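Asker: Sequence first, predicted model second:
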Amino acid sequence: MKRILLAVIITLCGAQRMWAQQLAVGTDVLMDVLMMPNISLEMDLGRSHFMERTTLGGQAYFVKNPWGKEISAWGVQPELRHYFSGRAMSRWFFGIGAHLSKYDITWGREIYRGNSAGAGLTFGYVFNLTKRLNIDVHSGFGINYYRQKQYFTGDFFETEYNHGMATANARGTVIMPTRMGVSVTYIFK
């Protein structure tokens, strides 16, 4: 019984320390305009000299048939950010991130079905509007590896070319923008 009580006390103390950190939730307005619902979370990593200026966050997005086009995609982008201003979630920052996505796009007669993964760098600035409300402007680039089925409508790719197998016929690596946007974030304390 004493061990259980001790475990509960330690857990509650750890939870209190976790909630003492800053946590922000937000959305990228540019992605919202492009009809890609998204959400982002960001949490500062601690109170030591270096870590008080560092955050860990991530963004998740989804899109399904925007503007009547046959497009569906989802993705996640975790990111580690370091702020140069002396505190997290304020002013200039530099980030290192990764991304993973899956997509199915019909563009005219061309069809692209596949997934991609990669890593990149992000640079940006956070404007503190109030104690809890921020605007985050960011841009980044990185390397992206993709693997996809690429064909034309009417090709019967699924049955004739690969005998019903889900194999990719196109793959490659490209350097491209990985993050661009204007986010509105709210900080919980």
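Answerer: Sure, I can see it.
Asker: Which secondary structure element is home to the residue nearest in space to the middle of the chain?
Answerer: Geometric centre of the chain, nearest residue: residue 77, 2.5 Å, by C-alpha atoms, centre = their mean. For residue 77, the element it lies in under DSSP states H and E is strand 71-83.
Asker: Residue 103 too?
Answerer: strand 91-107.
Asker: Sheet-wise, list the partners of that strand with their directions.
Answerer: Strand pairing for strand 91-107, using DSSP bridges, gives strand 71-83 (antiparallel), strand 110-128 (antiparallel).
Asker: Low-confidence bits of this structure, can you list those?
Answerer: Low-confidence segments of the chain, defined by pLDDT under 70: 1-21, 47-50, 154-168.
Asker: could you pull out the strands for it?
Answerer: Under the criterion DSSP state E, the chain contains strands at 23-28, 38-44, 54-64, 71-83, 91-107, 110-128, 133-152, 170-188.
Asker: Does the last one pack against any helices or strands, and if so which?
Answerer: Strand 170-188 is packed against strand 23-28, helix 29-33, strand 38-44, strand 71-83, strand 91-107, strand 110-128, strand 133-152, with contacts defined by 3 or more C-beta pairs under 8 Å, 6 or more residues apart in numbering; DSSP states H and E. Backbone N, C-alpha and C define where each C-beta goes, glycine included.
Asker: Report the inter-axis angle for the strand holding residue 103 versus strand 54-64.
Answerer: 20 degrees (axes from the mean of the first three to the mean of the last three C-alpha atoms, to 10 degrees).
Asker: With just CA atoms, put strand 91-107 into PDB.
Answerer: C-alpha atoms of strand 91-107 as PDB (Å, rounded to 0.1, in the frame of the first residue of the first chain):
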ATOM      1  CA  ARG A  91      11.000  36.300 -32.000                       C
ATOM      2  CA  TRP A  92      13.600  34.600 -34.300                       C
ATOM      3  CA  PHE A  93      13.900  30.900 -34.500                       C
ATOM      4  CA  PHE A  94      15.600  28.100 -36.400                       C
ATOM      5  CA  GLY A  95      14.100  24.700 -36.700                       C
ATOM      6  CA  ILE A  96      15.000  21.100 -37.700                       C
ATOM      7  CA  GLY A  97      12.100  19.000 -38.800                       C
ATOM      8  CA  ALA A  98      10.900  15.900 -40.600                       C
ATOM      9  CA  HIS A  99       7.900  15.200 -42.600                       C
ATOM     10  CA  LEU A 100       5.800  12.200 -43.700                       C
ATOM     11  CA  SER A 101       2.900  12.300 -46.100                       C
ATOM     12  CA  LYS A 102       0.600  10.100 -48.100                       C
ATOM     13  CA  TYR A 103      -1.300  11.400 -51.200                       C
ATOM     14  CA  ASP A 104      -3.700  10.500 -54.000                       C
ATOM     15  CA  ILE A 105      -3.900  13.200 -56.600                       C
ATOM     16  CA  THR A 106      -5.600  13.300 -60.000                       C
ATOM     17  CA  TRP A 107      -4.400  16.400 -61.900                       C
END
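Asker: All set, thanks.
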